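>>> model the structure of this input:
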Amino acid sequence: MTTEQLKLKVINSLSAIDGKIWDQCVGADDPFVRHGFLSALEDSGSATPETGWAGQHLIVEDDNNSVLAVAPLYLKSHSYGEYVFDWNWADAYERAGGSYYPKLQCSVPFSPVTGNRLLVRQDLDKKTSALLKTTLAQGMIALGQKMAVSSIHATFPKSEDAEKLCDEGFLKRLGQQFHWENNNYSHFDDFLMSLNARKRKAIRKERRAVEECPLRIQTLQGNEITESHWDAFYGFYLNTAEKKWGQEYLTRNFFSLLGERLNNQVVLIMAFDGDQAKAGALNLMGSETLYGRNWGSITDQKFLHFELCYYQAIDFAIQHGLKRVEAGAQGPHKIQRGYLPTPTYSAHWIRDRGFKDAIARFLDAEQQAIGEDMEHVLTYSPFRKP
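Have a look, this model is predicted:
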């Protein structure tokens, strides 16, 4: 196959492509780039042109109009909901007389989760797959130049996709999250025995405090999750956003659509006082990874956040043979609970040459600082030394 046989087109909404065709390009461990998740964001009014997320999704077809590759892409008028922060870049460019917005964003809205961003049909060989990823990367640049945007950003791509974008002139940015790895544990106590005695004792104390409180914890999946559960969870979501001076990106309808379209990939861990829901943690399950997404509560029960978001997630991953838990953005406190620093990446195409050079210098310094921080944080690892 050659590039001359390929056609690149742009669609403004996920509704313009059949979900099964889109999902042929999505790996089994990538629930956030499935058609069901992305279309739920659009159809619920959460990620739309009105909220600053105008779909510019890329589609690569062959000369028979068969879809071979796709990429979720948005024209953005702000930098909210991204979790890889470029506010300072925008401010510097605007003060220099440029217009930073609009920009193009290849990402999953409101979701700091790692995954493929250059999505290629799963049944194709490596050589064809590489060609299609290059076509998508070049297509982003061509679209960005046509639309005269200041920049294009791909956030939380897997390393392979980040490198492919960098081959086409993007700058790579290093970040870090805290992920838990399943070292073939058979149960939670098996995991605890891999920790040093002090950390093991602390976790048992935290879990015991929740076990002895009046709350009942339940893990719900698929059709077990009802609209009353989503009503309660949406209340938690709003409460958390209010407490953190955050923005309520997701509408109530998004959660219902998520439950319908991803079904058993949705894992909702909730705490009840009698029949009343008091707190909850929303996760999505891939073939290898449990992804923690949202948390909320209307109770101040001590250690409940750690229990629902971290320990119950570990329990679930062990029981279902998953390789890891990604617990979302931020949180050095996670390291004491077995979640170690893990590199994440983003890739950035900057149209203005002078501005690109300035950002490249910044990223070099930032990468060194993050690398040193990851090494330092690892000295606090709770795991026993070999």
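>>> in the sheet, who's paired with residue 8?
Note on residue 8: beta-bridge partners by DSSP bridges are residue 60.
>>> poorly predicted segments of the stretch 151-300 of the chain, please.
When residues are selected by pLDDT under 70, those of the stretch 151-300 of the chain lie in 243-246.
>>> okay, helices next: where are they in it?
Using DSSP state H, counting those that start in this stretch, the helices of the stretch 151-300 of the chain run over 159-167, 188-192, 197-211, 227-243, 252-262.
>>> tell me which of those helices sits nearest to residue 174.
Nearest of the helices of the stretch 151-300 of the chain to residue 174, taken as Cβ to Cβ: helix 159-167 at 9.7 Å. Backbone N, C-alpha and C define where each C-beta goes, glycine included.
>>> show me what counts as buried in that closest one.
Of all the residues in helix 159-167, those buried under the rule 16 or more other Cβ atoms under 10 Å are 161-162, 164-166.
>>> now stretch 100-115
For stretch 100-115, a neighbour-count test (16+ other Cβ under 10 Å) marks 100-115 as buried.
>>> what residues sit buried inside stretch 213-231?
213, 215, 217, 219-221, 225, 229-230.
>>> for it, give me every contacting residue.
Around stretch 213-231, the neighbours that count as contacts under Cβ atoms under 8 Å, 6 or more residues apart in numbering are 210, 252, 255-256, 259, 263-264, 266-273, 277-280, 299, 301, 304, 307-308, 312, 316.
>>> please flag which of the residues you listed sit within strands.
Among those, the members found in strands (DSSP state E) are 266-273, 277-280.
>>> which of these are buried, as a ChimeraX select command?
Under the burial definition 16+ other Cβ under 10 Å, those of the ones in strands among the contacts of stretch 213-231 that qualify are selected in ChimeraX by:
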select :266,267,268,269,270,271,272,277,278,279,280
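>>> using a markdown table, lay out the ones in strands among the contacts of stretch 213-231 together with distance to residue 173.
Shown next, in a markdown table, are those (distance: Cβ to Cβ, whole Å):
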| residue | distance to residue 173 |
| --- | --- |
| 266 | 30 |
| 267 | 30 |
| 268 | 32 |
| 269 | 32 |
| 270 | 36 |
| 271 | 37 |
| 272 | 42 |
| 273 | 44 |
| 277 | 39 |
| 278 | 39 |
| 279 | 34 |
| 280 | 32 |
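>>> now for the ones in strands among the contacts of stretch 213-231: which two are most distant?
Across the ones in strands among the contacts of stretch 213-231, the longest distance by Cβ to Cβ is 23.0 Å; it joins 266 and 273.
>>> show the end-to-end separation of stretch 263-280, please.
End-to-end distance for stretch 263-280: 17 Å, by Cα to Cα, to the nearest Å.
>>> so how far is it off the chain centroid?
With Cα atoms, centre = their mean, to the nearest Å as the basis, stretch 263-280 stands 21 Å off its chain's centre.
>>> what does stretch 77-92 give?
On Cα atoms, centre = their mean, the centre of stretch 77-92 falls 17 Å from that of its chain.
>>> what's the mean pLDDT across it?
Mean pLDDT, stretch 77-92: 96.
>>> pick out the residue nearest the middle of this protein.
The centroid of the chain falls nearest to residue 113 when counting by Cα atoms, centre = their mean (1.8 Å).
>>> report the secondary structure element holding it.
Residue 113 is part of no helix or strand, with elements assigned from DSSP states H and E.
>>> could you redo the buried residues of stretch 213-231 as JSON lines and give each row distance to residue 289?
Output for the buried residues of stretch 213-231, formatted as JSON lines (distance: Cβ to Cβ, whole Å):
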{"residue": "213", "distance to residue 289": "30"}
{"residue": "215", "distance to residue 289": "27"}
{"residue": "217", "distance to residue 289": "22"}
{"residue": "219", "distance to residue 289": "17"}
{"residue": "220", "distance to residue 289": "19"}
{"residue": "221", "distance to residue 289": "16"}
{"residue": "225", "distance to residue 289": "20"}
{"residue": "229", "distance to residue 289": "23"}
{"residue": "230", "distance to residue 289": "23"}
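>>> from those residues, which land in strands?
Counting by DSSP E, the buried residues of stretch 213-231 place 217, 219-221 in strands.
>>> what residues are up against the closest residue to residue 32 other than its chain neighbours?
Closest residue to residue 32 apart from its sequence neighbours, by Cβ to Cβ, 6 or more residues apart in numbering: residue 108 at 4.5 Å. Counting by Cβ under 8 Å, 6+ apart, residue 108 touches 32-33, 37-38, 72, 115, 156.
>>> and residue 108, how far from residue 372?
Noted for residue 108: a distance of 29 Å to residue 372, by Cβ to Cβ, to the nearest Å.
>>> excluding chain neighbours, give the residue nearest to residue 148 in space.
According to Cβ to Cβ, 6+ apart, the nearest residue to residue 148 is residue 351 (7.7 Å).
>>> quick check: the one you found touching residue 144?
Yes: with contacts counted by Cβ atoms under 8 Å, residue 351 reaches residue 144, the gap being 6.8 Å.
>>> so what's in contact with those two at the same time?
Listed as contacting both residue 351 and residue 144 by Cβ under 8 Å, 6+ apart are residue 151.
>>> those two - which one has more neighbours?
Looking at residue 351 and residue 144 with other Cβ atoms under 10 Å, you find the greater number of neighbours at residue 144, namely 22 against 16.
>>> am I right that that one is in contact with residue 153?
No: Residue 144 lies out of contact with residue 153 (Cβ under 8 Å); the separation is 10.2 Å.
>>> now the common contact residues for those two.
Overlap of the contact sets of residue 144 and residue 153 (by Cβ under 8 Å, 6+ apart) consists of 104, 349.
>>> now the element after the regular element (helix or strand) spanning residue 104, going C-ward?
Using DSSP H and E, residue 104 sits in strand 103-106. Going down the chain from strand 103-106, the next helix or strand is strand 119-120, by DSSP H and E.
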